[in-house]
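Q: any chance you could fold what I've pasted below:
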Amino acid sequence: MMLTFLYCSLRLVRNVSSCSKGIFIASSVRTPIAQPGLSRAELGGLVIDTVVKRAAVPHKQIHELYIDNACLFDEKIVAEAAEFGNLSKSTHCQLNNTALTSAMEALSVDNENCSANKHDVIIAGSIVSVNNTNFASIKLCQGQELNIGISKQIIDDYVNRSKSLYLRGKSNGAFDGEMVPIRMQHLREQKLIIHDDIEHDFTDLNYKGAAAVVLTNFEGSKRLELKPLALLLGYTYVEASKKDILFAPLLAALQTLEEAGINRNEVDMWEVDTYDPLIPLALIKKLGVDSDKVNIHGAIIGSPLMSIIHLVTHVTHSLKPGQIGCAAALHGEYGAIAVLIRQCNYNIQQTVPVLTLFTKDPCPLCDVMIEELETEFNGEYILEKIYITEKENVRFLRLYRHDIPVLFLNGQHLCWHKLNKRLLRKKLNEIINI
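A: Down below sits the predicted model:
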């Protein structure tokens, strides 16, 4: 009854299913939520440059860049972020109210025309900061506990559990694959920020974060010989009335599942906005979703800095091959976005996992990585080497000249600079258990 009522009260603005168009996430990254000592444009440039490299896409092949305008800044920052991210001057840069869904639609609409013009690789990004965040939605959520039958004790327990899960996930490497470390000068030393500051003061204007995804269609994936991380099954943007804002992510998720023909029980992971703990609790209560599948690695409760692109990035890196995940978040003043994805599974095509090492001769760091692989993972993989200085590999020379050694597993980025043993072990175990 409650869900029926909410369907009637929500105003559906956008609802486009991407399942028939074959839209893929080629790569996705985010920075920690922290005080990075970088401008918003520099932070955006960092995730743009990194997400392009991890997709193994030449920078000049990025034809469009959409940056979310949920944080209320101007077009100049988008252009500066593109420049810091080493994109071509011909890349069309756009500040957009719904960057992720707009980028998806750009790939969905007139697919034949996109293919003909090679406009088949697009970045959607989000640059968030406390001093530019719209707090209207969180204020509307406050005080609605009794309206949905959730006690203060349940809320407190959920907050404590989320923090515990987050700390456990951080210690177990749950965020290794998605995170872009931030290097900053601290006094006379360089400081490396690799984790979110979960104790940050949400009123401190210095806190920022950024996230980005590279989206492509089947044509772009084939043309550039990519191995995408995930397939988009559907997405929805809704706008709600003020009194129903708490339920907007829930309804956006329901609508997305319905359009994609996916039962809620088929979803292996839900990553839900924790701008207010009532949002995930409402989803658990009203949909009857297993709470162990919701925000499985916890969350930064109360932070306004986790955009839908941040959540999609975490889902993309957390799902196991073949699994389905749903990300849902408040967006803007009265809106919400939900995105449904399925993790791609290439491992069934490989009898033995293939590690691809981008290297050159000489490369002492590459030699160290090879030695570590032989010592700790002997017999578990096939190693292929791509020498970036050879004429036919100029694409990779332009991408990785300052980053080698760069290691891919079954065609997808794993790590660079040094071997991430924990992440490689996790990925190899997933392959074994398929």
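Q: who is Gly209 paired with across the strands?
A: Using DSSP bridges, the bridge partners assigned to Gly209 are Val128.
Q: test my guess that it contacts His310.
A: Yes. With contacts counted by CB atoms under 8 Å, Gly209 reaches His310, the gap being 6.9 Å. Where C-beta positions appear, they are placed from N, C-alpha and C, glycine not excepted.
Q: domain map for this structure?
A: Domain assignment for the chain, taken from automatic domain parsing, gives 1-345, 347-432.
Q: got the residue ranges for the strands in the stretch 1-150 of the chain?
A: With DSSP state E, counting those that start in this stretch as the criterion, the stretch 1-150 of the chain has strands at 11-16, 23-30, 64-68, 92-96, 121-129.
Q: what's the closest of those to Ala299?
A: Ala299 sits nearest to strand 23-30 of all the strands of the stretch 1-150 of the chain, at 13.6 Å, using CB to CB.
Q: and the angle from that closest one to strand 121-129?
A: Strand 23-30 runs at 30 degrees relative to strand 121-129, counting by axes from the mean of the first three to the mean of the last three CA atoms, to 10 degrees.
Q: thinking again about what came up before, what touches both of Gly209 and His310?
A: By CB atoms under 8 Å, 6 or more residues apart in numbering, Gly209 and His310 have these common neighbours: Arg30, Val128.
Q: buried set for the helix or strand containing Glu384?
A: Following DSSP states H and E, one finds Glu384 within strand 382-387. By neighbour count with 16 or more other CB atoms under 10 Å, strand 382-387 contains the buried residues Ile386, Tyr387.
Q: surely Ile279 is in contact with Pro249?
A: Yes. Using CB under 8 Å, Ile279 makes contact with Pro249 at a distance of 5.7 Å.
Q: of the two, who's got more company?
A: Neighbour tally, Ile279 and Pro249, criterion other CB atoms under 10 Å: the higher count belongs to Pro249, 31 against 24.
Q: hang on, the earlier thing: overlap in contacts, Ile279 and Pro249.
A: Common neighbours of Ile279 and Pro249, counting by CB under 8 Å, 6+ apart, are Val272, Asp273, Leu330.
Q: need the nearest residue in space to the first one, chain neighbours excluded.
A: Same thing as Val272. Pro280 (4.2 Å; CB to CB, 6 or more residues apart in numbering).
Q: look at that neighbour and say how many residues are nearby.
A: Neighbours around Pro280, by other CB under 10 Å: 26.
Q: how about the contacts made by it?
A: Contact analysis of Pro280 by CB under 8 Å, 6+ apart lists Tyr158, Trp270, Val272, Asp273, Thr274, Val294, Asn295, Ala299.
Q: quickly note the distance from the second one to Lys293.
A: So the one you mean is Trp270. 6 Å (CB to CB, to the nearest Å).
Q: so those two - more neighbours on which side?
A: Comparing Trp270 with Lys293 by other CB under 10 Å, the one with more neighbours is Trp270, at 26 against 17.
Q: and the more buried one, what does it touch?
A: Counted by CB under 8 Å, 6+ apart, Trp270 has contacts Ala253, Pro280, Leu283, Val289, Lys293, Val294, Asn295, Gly325, Cys326, Ala327, Ala328.
Q: beta partners for it?
A: Residues in beta-bridge contact with Trp270 (DSSP bridges): Val294, Cys326.
Q: how far away is it from Ile23?
A: Trp270 is 21 Å from Ile23, by CB to CB.
Q: of the contacts of Trp270, which is the nearest to Pro362?
A: Set against Pro362, the nearest of the contacts of Trp270 by CB to CB is Gly325 (42.2 Å).
Q: and the closest one, what pLDDT?
A: Per-residue pLDDT puts Gly325 at 97.
Q: now Asn378
A: Note on Asn378: pLDDT of 94.
Q: hmm, back to that, need the least confident one among the domains of the chain, by mean pLDDT.
A: domain 1-345 (a mean of 84).
Q: name the helices or strands packed onto the host helix or strand of Ala212?
A: Using DSSP H and E, Ala212 falls within strand 208-217. Judged by 3 or more CB pairs under 8 Å, 6 or more residues apart in numbering; DSSP states H and E, the packing partners of strand 208-217 are strand 23-30, helix 40-55, helix 99-108, helix 111-117, strand 121-129, helix 308-318.
Q: and of the ones you listed, who's closest to His417?
A: Closest approach to His417 among the helices and strands packed on strand 208-217 (CB to CB): helix 40-55, 11.8 Å.
Q: now the angle from that closest one to strand 64-68?
A: 130 degrees.
Q: so which elements touch helix 40-55?
A: Helix 40-55 packs on strand 23-30, helix 75-84, strand 121-129, strand 208-217, helix 394-400, strand 412-416, going by 3+ CB pairs under 8 Å, 6+ apart.
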